[in-house]
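Participant: sequence and predicted structure, then a few things I'm wondering about:
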Amino acid sequence: MKKHKFIKKLIAAVGILAVGAVTLTACSNNSSSSSSSNNPSSVAAIKKRGTLKVAVFGDLPPYGWVNKDGKRVGYDVRLARELAKEMGVKVKFVQVNANNRVDTLNANKADIVLANFTVTPERKQVVDFAKPYMKVSVGVVSPKSKPITNVNQLKGKKVIVTKGTTAENYFTSKQPDVDLLKFDSKTQQFNAMKNGRAAALADDNSYLYAWVKNNPKYTVGIKHLGPNSYIAPAVKKGNKSLLDWTNKHINKLNKDGFFVNDYNQELKPYFGDDVKPSDIIINK
Amino acid sequence: MGHSGINVLFEGRNFTRLLGGLWTSVWIAVLSLIIGLALGALFGVLRTSKSRLVKVIFRIYLEFFRIVPTVVLLFLFYYILPRQFNLSWPASVMAVIAFALWVSAEFSDIVRGALISVPKIQRESGLALGLNKWQLFIYVLLPQAFQLELPATINLATRVIKTTSLLMMISVMDVINVGQQIVEANNQTNPNGVFWVYGLIFFLYFIVDYPLSLWAKRLSKRNEA
């Protein structure tokens, strides 16, 4: 009967789906091979495609954000446009959150991440970092009326962090006595701080300088916590072609004074005069 | 007015950008609903089949999509599936696929429930009139089931529209994502803007969802009468 055949076909289709789902879960741990012959993000592939896909933040002034005309701007975004110009291709932005920067590379949604990506040993195992273009460390912001100036003051208190950030990592591994309140985005974390949901907020100090400049009721009580860390472009693990190209061009841009210019254009208006370009950029 | 923060909404292209974001949310929801309802109707009919195997398979399908949170589905479809199968479709397409499969699973249960709650006497009368299986479905069961499933379907539609707010997780520029960009861009100079931006987003979702709610209410009243 016609109906019978149809049902059989449908069962087959659904069966395939189910098997697919099982295989997926089974092999999701395998590292996906990105051999050079089949690398959709090699320099040659990008040039052929004519667009460099860059993962950036969309809600983090002054690094990656969108201005009132709907245009993407910021320190990272300017670097992205410059790199695309160097390569002679157009730039296409993929907006990411802190905790999907790695997946975006792995799923080939972006060729390179320029989203304030701090280099850590854990991240080095899953992505390849190019030469850093900024340095930061974890800082802690607190209300001026109840300032936190020493990390010991935080024991048993609530501290706000964003998931997937260096600050979350640091507190989870080094300060287990601190009670973390975790959020998905910068928007949420700063709102929570203003609503008095915690005693302090921890994040890269460079964000905090900028935020405190416009929120004078708060202060960066702890400016440096843990080791200095570096912010670098990241490419998919094993993408040597793009990694080498990026390293070469970061050096070139450094020589040309691009980063000082980038700092003065994008960061200075946010940080004020207390912070100098040499506090942030790397002059080597 | 200057200090209330409402001006954030009308600076530059902000208002148009929010409407553009709403449009993205709406077309993804509508397309997913069209595909999902069509598939779901089919699956629902199949679930009334007498074959145990068919029943079990669709039951698993339903439970999978009902139990797995939508965020996880979106991650699976955007980050994991493309990596395994080397696809590179845009986020909005993957979102439509994930949503459509979810809708079809939920809708299949609504259809099944409606079909089996058509009184037995209707089915038997149909058979007594000499209708074959397909005629029975098309002329007797489906029209009556349709009445029964409408309110639940509209409820599902409003849920799908609301759930599009998760799309920002997979880099789709939906209304919430654009809203967050605007909030952050103005946070330094206009800290109260957040209230107006989310207020407007609430209002936009309300205009889209409320007519559906009203419609559902009217339909269920008519069914009672």
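Facilitator: The structure has been received and is ready for your questions. Numbering: from 1, shown residues only, chains lettered A, B, ... in the order given.

Participant: for chain B, what helix or strand is lowest in average pLDDT?
Facilitator: helix B:81-85 (a mean of 81; mean pLDDT, DSSP states H and E).

Participant: just checking, what packs against that one?
Facilitator: Counting contacts by 3 or more C-beta pairs under 8 Å, 6 or more residues apart in numbering or on different chains; DSSP states H and E, helix B:81-85 packs against helix A:2-27. In this view, the C-beta of every residue, glycine as well, is placed from N, C-alpha and C.

Participant: which parts of the least confident helix or strand of chain B are buried?
Facilitator: B:81-83 (16 or more other C-beta atoms under 10 Å in any protein chain shown).

Participant: in TSV, list the residues you listed along with distance to residue A:262.
Facilitator: Output for those, formatted as TSV (distance: C-beta to C-beta, whole Å):
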residue	distance to residue A:262
B:81	37
B:82	33
B:83	33
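
Participant: nearest to residue B:119 among the residues you listed?
Facilitator: Proximity of the buried residues of helix B:81-85 to residue B:119 (C-beta to C-beta) peaks at residue B:81, which lies at 43.3 Å.

Participant: that closest one against residue B:89, yeah?
Facilitator: No: look at residue B:81 against residue B:89 with C-beta atoms under 8 Å: they stay out of range, at 9.5 Å.

Participant: and the residue of chain B that's closest to chain A?
Facilitator: In chain B, no residue comes nearer to chain A than residue B:12, which is 3.0 Å away by C-beta to the nearest C-beta.

Participant: that residue in helix, strand or coil?
Facilitator: coil (DSSP: H, G, I helix; E, B strand; the rest coil).

Participant: residues near it, how many?
Facilitator: By other C-beta atoms under 10 Å in any protein chain shown, 15 other residues sit near residue B:12.

Participant: residue A:219 should be in a helix, yeah?
Facilitator: No: assigned with three-state DSSP, residue A:219 falls outside any helix and is strand.

Participant: how far is the least confident helix or strand of chain B from where the chain is centred?
Facilitator: 24 Å (C-alpha atoms, centre = their mean, to the nearest Å).

Participant: and for stretch B:160-178?
Facilitator: For stretch B:160-178, the distance to the chain centre is 13 Å (C-alpha atoms, centre = their mean).

Participant: and that stretch, which residues are buried?
Facilitator: So stretch B:160-178, judged by 16+ other C-beta under 10 Å, has buried residues B:160-161, B:163-178.

Participant: alpha carbons only: can I get that stretch in CSV?
Facilitator: The C-alpha trace of stretch B:160-178 is given here as CSV (Å, rounded to 0.1, in the frame of the first residue of the first chain):
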residue,chain,number,x,y,z
VAL,B,160,8.4,30.4,19.7
ILE,B,161,8.4,34.1,19.2
LYS,B,162,9.6,34.7,22.8
THR,B,163,12.2,32.1,22.5
THR,B,164,13.8,33.9,19.6
SER,B,165,15.5,36.0,22.3
LEU,B,166,17.9,33.1,22.6
LEU,B,167,19.2,33.7,19.1
MET,B,168,21.8,36.2,20.4
MET,B,169,23.6,33.1,21.7
ILE,B,170,24.5,32.1,18.2
SER,B,171,25.4,35.6,16.8
VAL,B,172,22.0,36.3,15.2
MET,B,173,21.3,40.0,15.2
ASP,B,174,17.9,39.7,16.8
VAL,B,175,16.1,42.5,18.7
ILE,B,176,17.7,41.6,22.0
ASN,B,177,21.2,41.6,20.6
VAL,B,178,20.7,45.0,18.9
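
Participant: ok, that stretch near chain A or not?
Facilitator: Yes: remark: stretch B:160-178 sits within contact range of chain A at B:168-171, B:173, B:177, by C-beta under 8 Å from any C-beta of the partner chain.

Participant: for residue A:69, which non-adjacent residue is closest in space?
Facilitator: Computed as C-beta to C-beta, 6 or more residues apart in numbering or on different chains, the closest residue to residue A:69 that is not its neighbour in sequence is residue B:12, at 4.7 Å.

Participant: pLDDT at the residue of the stretch 151-284 of chain A found nearest chain B, what is it?
Facilitator: The minimum distance from the stretch 151-284 of chain A to chain B, using C-beta to the nearest C-beta, falls at residue A:214 (4.0 Å). For residue A:214, the pLDDT comes out at 82.

Participant: do a quick rundown of the helices in the stretch 51-200 of chain A.
Facilitator: A:75-87, A:101-106, A:121-124, A:166-174, A:186-194 (DSSP state H, counting those that start in this stretch).

Participant: pipe those helices into a markdown table and attach mean neighbour count, mean pLDDT and distance to residue B:110 per row.
Facilitator: Formatted as a markdown table, those follow (neighbours: other C-beta atoms under 10 Å in any protein chain shown; pLDDT from 0 to 100; distance: least, C-beta to C-beta, whole Å):
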| stretch | mean neighbour count | mean pLDDT | distance to residue B:110 |
| --- | --- | --- | --- |
| helix A:75-87 | 21 | 96 | 46 |
| helix A:101-106 | 22 | 92 | 34 |
| helix A:121-124 | 12 | 92 | 45 |
| helix A:166-174 | 20 | 91 | 41 |
| helix A:186-194 | 21 | 91 | 35 |
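
Participant: look up the closest residue to the residue most central in space within chain B, ignoring the ones flanking it.
Facilitator: Nearest to the mean C-alpha position of chain B, by C-alpha atoms, centre = their mean, lies residue B:160 at 2.6 Å. Using C-beta to C-beta, 6+ apart and skipping residues adjacent in sequence, the residue nearest residue B:160 is residue B:29, 5.1 Å away.
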